[in-house]
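Trainee: Here's my sequence, what's the structure:
(one chain, ligands or ions: 1)
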Amino acid sequence: MSDTTQKVNLKNDFSIYSRLFIYVRPYLLAIIISFIANAIYSAIDAGLVYSIKPILNKGFDSHNTFYVKYLPPLVIVVFLARGLANVTGNCTMTYAARSVIMRIRQTVFAHLLKLPASFYDKNTSGKILSVILFNVEQISNATANALIVITQSGFLVIGLLYVMLSISWKLTLFFIIAAPIILTLIRYSTKRARRIGYRLQDVMGNVTATAEEVTKGYRLVRTFGNEDYEFKKFKALTKLHRRREVQNAIIKYTSVSSVQVVIGVVIAIIIYLTLSHHVNMDAGSFISLIAAAIAILKPFKNITRLNNTLQQALAGAQSVFSLLDKETEKDTGNRQIENVQGKITYQNVSFAYPEADKTVLHHIDLTIEPGQMIAFVGHSGGGKSTLMSLLLRFYDDYTGNILIDDTDIREFTLASLRHQFSFVSQNVQLFNDTIAHNIAYGDALDTNKEKIIHAAKMAYIWDFINALPQGLETAVGENGLKLSGGQRQRIAIARAIFKDAPILIFDEATASLDTESERYIQNALQEIAKNRTTLVIAHRLSTIQQADKIIVIDHGNIVETGSHEALLARDGYYTKLHKLQFESQPSQ
Ligand code: ADP
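Mentor: You can find the predicted model right below:
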């Protein structure tokens, strides 16, 4: 995400590690078991290299029957133990690492549920998804691969160095002298790998966002014939992604290979010194030493390569943590209420969206009595939705006061406040689940069947549901039933009825519905409006005619208020709007 992109800041590493450690801590036992298993595994490997020396020097001695008798079964036992240690080490570490990832993902998800509307205004859902999917996965490399490699390869390097030292400490010294060169190489690649890690995240976020836009908006893309445009955009992004990945590989493999070349030079020096008899050594020791020196290449390679992975992981962690650091919705009120009467008052309310300089609501004064049905009308962009968003406290920094039952909404807890509302949105959001779950959203089903059926009946959708072979259990969405716009809206209305909240906000679909759907929805609205305060962002003449009062909003101001007839009689703004927007619609 662009605003989470961090500059490379190595000083921050410690805080990232310590923050990651909070997630790792519950799994320390698994990690310790894995450590021990990996230490055993590496000790066995180092021991195998060391055993070359006695086998070469003594095993080929025909008088020595010890090796013939015991070595073959010992080798089997050793390999069994090595296999067991490997499985234990890897599996326990994977368990720990995947648990860490699971926890982080859950924490991110829980945080997303609490972030304010302004966060969602700023970040596309594709980019947010990319954090949950891609960046969190980057961290998994740090925890799983890193810990396995660090322990297995780290222990193996120590074990092999020990073998080499015990054979010839003088020759081993050459390795130790080469260490600073190796470290410098690693440090250089560290910085570059991290930088590329951040760039990769950005590109990946854009790839996801574009793919998401095209899948969600496929109708738009096709209708406007923009397939080529979208494909070109995606092509450029994936090309960039490939470039970043290749850059990443170049850094990774050149650093690994340069380290190996340095080790190769040391091996060459050892061979020269031994074969030219500058250092005296028996054949067994020599082969064992060279075998150890060659064997050390692989763990060194793993550690060098790991360093790069780790940098990517830290980049991922930083993005994830910076998302977790985004402030959640303010929930400072402490008043709990069961059900309000439904009186709503706006007192001199003005509002501008965060980071936008334009004021979108100007000094709104409005009182709505309990049980009234109010239609908000006006040109698009006038501020109708914003007025509703404030009522639900999706945005907090307005001036003036908004009261429900004469209590400032800031005094209520958010949960308590939102409990008072049902909401039917313009673009109905149905979940990839059964009809029953969509109506009783979040509630237990078995205890609520009667209530669901009642809601479906009131929303005039029950006959349709009942006629389906699987009835309420029919799946909606991706793998299930395809519904018309009118049916979708009626399911959303049933959901609102099911919630049975004292205030209903109904954002009417602008899309035209067939006459039958239109009639059903009007009837349902009439039913649902009976015992509650109903606020409708109205696009339909029939709704407006039903309303107790019409509020006409333009450019953030209430320009006219009254009944349909009274407003028409005034021959003002509403009359013009009415001619423009509603006259072509059939009234009931
Ligand atoms: P309406 O519902 O009457 O169509 P809105 O309340 O959606 O109007 O919009 C009112 C004004 O606020 C418009 O100028 C719109 O561009 C602006 N606006 C709406 N939502 C946002 C947002 N999330 N961030 C910034 N500006 C917004």
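Trainee: From R305, how far off is the closest residue to the ligand within the stretch 401-550 of the chain?
Mentor: At 6.3 Å from the ligand, I537 is the closest residue in the stretch 401-550 of the chain, using CB to the nearest ligand atom. Quick note: C-beta positions are derived from backbone N, CA and C, even for glycine. I537 sits 57 Å away from R305 when distances are taken as CB to CB, to the nearest Å.
Trainee: Report the central residue of this structure.
Mentor: Centroid-nearest residue in the chain: I132, 2.2 Å away (criterion: CA atoms, centre = their mean).
Trainee: Using CSV, write down the CA coordinates of the helix or strand hosting S140.
Mentor: Element membership for S140 (DSSP states H and E) is helix 136-140. The C-alpha coordinates for helix 136-140 follow below in CSV (Å, rounded to 0.1, in the frame of the first residue of the first chain):
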residue,chain,number,x,y,z
VAL,A,136,1.8,-11.8,5.7
GLU,A,137,3.1,-14.7,3.5
GLN,A,138,6.4,-12.8,3.2
ILE,A,139,6.6,-13.0,7.0
SER,A,140,6.1,-16.7,7.0
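Trainee: What's the first helix or strand after that helix?
Mentor: Using DSSP H and E, the helix or strand that follows helix 136-140 in sequence is helix 147-167.
Trainee: Residues contacting that next one, please?
Mentor: Contacts made with helix 147-167 from outside it, assessed by CB atoms under 8 Å, 6 or more residues apart in numbering, are listed as 31, 34-35, 38-39, 41-43, 45-47, 49-50, 53, 89-90, 93-94, 96-97, 171-172, 175, 281, 285, 288-289, 292-293, 295-296, 298-300, 302-303, 305-306.
Trainee: do stretch 220-233 as well
Mentor: 210, 213-214.
Trainee: Pull out the buried members of the residues you listed.
Mentor: Using 16 or more other CB atoms under 10 Å as the burial test, the contacts of stretch 220-233 include 210, 213-214 as buried.
Trainee: Out of those, the closest to the ligand would be?
Mentor: E213 (17.6 Å).
Trainee: give me the number of residues near T215?
Mentor: 10 (other CB atoms under 10 Å).
Trainee: do the same with L183
Mentor: Counted with other CB under 10 Å, the neighbours of L183 add up to 11.
Trainee: D406 versus that one, what's the distance?
Mentor: 70 Å.
Trainee: Same check on Y272?
Mentor: Taking CB to CB, one finds Y272 at 94 Å from D406.
Trainee: now the closest residue in space to I16 that isn't next to it in sequence, what's its secondary structure?
Mentor: Leaving aside its sequence neighbours, I16 sits nearest to A317 (CB to CB, 6 or more residues apart in numbering; 5.1 Å). The local conformation at A317, judged by DSSP: H, G, I helix; E, B strand; the rest coil, is helix.
Trainee: and the stretch 51-200 of the chain, which residues reach the ligand?
Mentor: D121 (CB under 6 Å from any ligand atom).
Trainee: Show me the helices in the stretch 51-200 of the chain, by range?
Mentor: Remark: helices assigned in the stretch 51-200 of the chain by DSSP state H, counting those that start in this stretch are 66-112, 117-122, 125-130, 136-140, 147-167, 169-216.
Trainee: Just the buried positions in the shortest one, please.
Mentor: Looking back up the chat, that one is helix 136-140. Residues of helix 136-140 classed as buried: 136, 138-140 (neighbour count, 16+ other CB under 10 Å).
Trainee: What is the burial count for F234?
Mentor: Using other CB under 10 Å: F234 sits among 16 other residues.
Trainee: dump the residue contacts of the residue lying closest to it once chain neighbours are set aside.
Mentor: Among residues not flanking F234 along the chain, T210 sits closest, at 5.3 Å (CB to CB, 6+ apart). Applying CB under 8 Å, 6+ apart to T210 gives the contacts 126, 230, 233-234, 237.
Trainee: which one of I537 and R305 has more residues nearby?
Mentor: Taking neighbours as other CB under 10 Å, I537 and R305 compare with I537 leading, 22 against 19.
Trainee: pLDDT score for the more buried one?
Mentor: pLDDT recorded at I537 is 92.
Trainee: What residues are recorded as beta-bridge partners of it?
Mentor: Assessed by DSSP bridges, I537 has beta-bridge partners F376, D507.
Trainee: That one against G383, yeah?
Mentor: No. In terms of CB atoms under 8 Å, I537 does not count as a neighbour of G383; the distance is 10.7 Å.
Trainee: so what sits against both of those two?
Mentor: Common neighbours of I537 and G383 (CB under 8 Å, 6+ apart) do not exist.
Trainee: Give the buried residues for the host helix or strand of Y574.
Mentor: Using DSSP H and E, Y574 sits in helix 573-577. Neighbour-count burial for helix 573-577, counted by 16+ other CB under 10 Å, picks out 573-574, 577.
Trainee: likewise stretch 298-317?
Mentor: 299-317.
Trainee: Next, find the distance separating the closest residue to the ligand within the stretch 101-250 of the chain from M204.
Mentor: The ligand sits closest to D121 of the stretch 101-250 of the chain, with a gap of 4.0 Å, by CB to the nearest ligand atom. Distance, D121 to M204, using CB to CB: 22 Å.
Trainee: More neighbours: which of these two?
Mentor: A count of neighbours by other CB under 10 Å puts M204 above the other of D121 and M204, at 21 against 13.
Trainee: contacting residues for the more buried one?
Mentor: Contacts of M204 (CB under 8 Å, 6+ apart): 130, 134, 241.
Trainee: Tell me which helix or strand the residue nearest to Y95 when sequence neighbours are not counted sits in.
Mentor: For Y95, ignoring the flanking residues on the chain, the nearest one in space by CB to CB, 6+ apart is A30 at 5.4 Å. Using DSSP H and E, the element containing A30 is helix 28-54.
Trainee: Surely Q318 and S15 touch.
Mentor: No. With contact defined as CB under 8 Å, Q318 does not count as touching S15 (9.5 Å).
Trainee: So for the two, which residue has more residues nearby?
Mentor: Q318 (28 against 12).
Trainee: Let me know the pLDDT of that one.
Mentor: The model reports Q318 with a pLDDT of 87.
Trainee: The ligand versus that one, what's the distance?
Mentor: Using CB to the nearest ligand atom, to the nearest Å, Q318 is found at 27 Å from the ligand.
Trainee: So that it lines up with my notes, have the first residue be 44 from now on.
Mentor: Sure, I'll start counting at 44 from here, so that last one is Q361.
Trainee: and the stretch 394-543 of the chain, which residues reach the ligand?
Mentor: When proximity is defined as CB under 6 Å from any ligand atom, the stretch 394-543 of the chain approaches the ligand at 396, 399, 403, 421, 423-429.
Trainee: T604 - how many residues pack around it?
Mentor: Neighbourhood size, T604 [other CB under 10 Å]: 15.
Trainee: quick one, strands of the stretch 294-443 of the chain?
Mentor: Along the stretch 294-443 of the chain, the stretches classed as strands by DSSP state E, counting those that start in this stretch are 387-395, 402-411, 416-420, 442-447.
Trainee: Would you check how far apart the closest residue to Y315 other than its chain neighbours and V305 are?
Mentor: In space, and not counting its chain neighbours, Y315 is closest to H321: 7.9 Å by CB to CB, 6+ apart. Shown here: H321 relative to V305, a distance of 21 Å by CB to CB.
Trainee: Between those two, point out the one with more neighbours.
Mentor: Using other CB under 10 Å as the criterion, H321 and V305 rank with V305 on top: 16 against 10.
Trainee: Who are the contact partners of that one?
Mentor: Contact criterion CB under 8 Å, 6+ apart gives 221, 224-225, 228 as the residues in contact with V305.
Trainee: next one: R125
Mentor: By CB under 8 Å, 6+ apart, the contact set of R125 is 84, 87-88.
Trainee: okay, the contacts of stretch 263-276 in TSV with pLDDT and distance to A510 next?
Mentor: TSV is the format used below for the contacts of stretch 263-276 (pLDDT from 0 to 100; distance: CB to CB, whole Å):
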residue	pLDDT	distance to A510
T253	85	41
E256	81	36
V257	83	35
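Trainee: Turn the residues you listed into CSV, including distance to the ligand.
Mentor: Putting those into CSV (distance: CB to the nearest ligand atom, whole Å) gives the following:
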residue, distance to the ligand
T253, 21
E256, 18
V257, 23
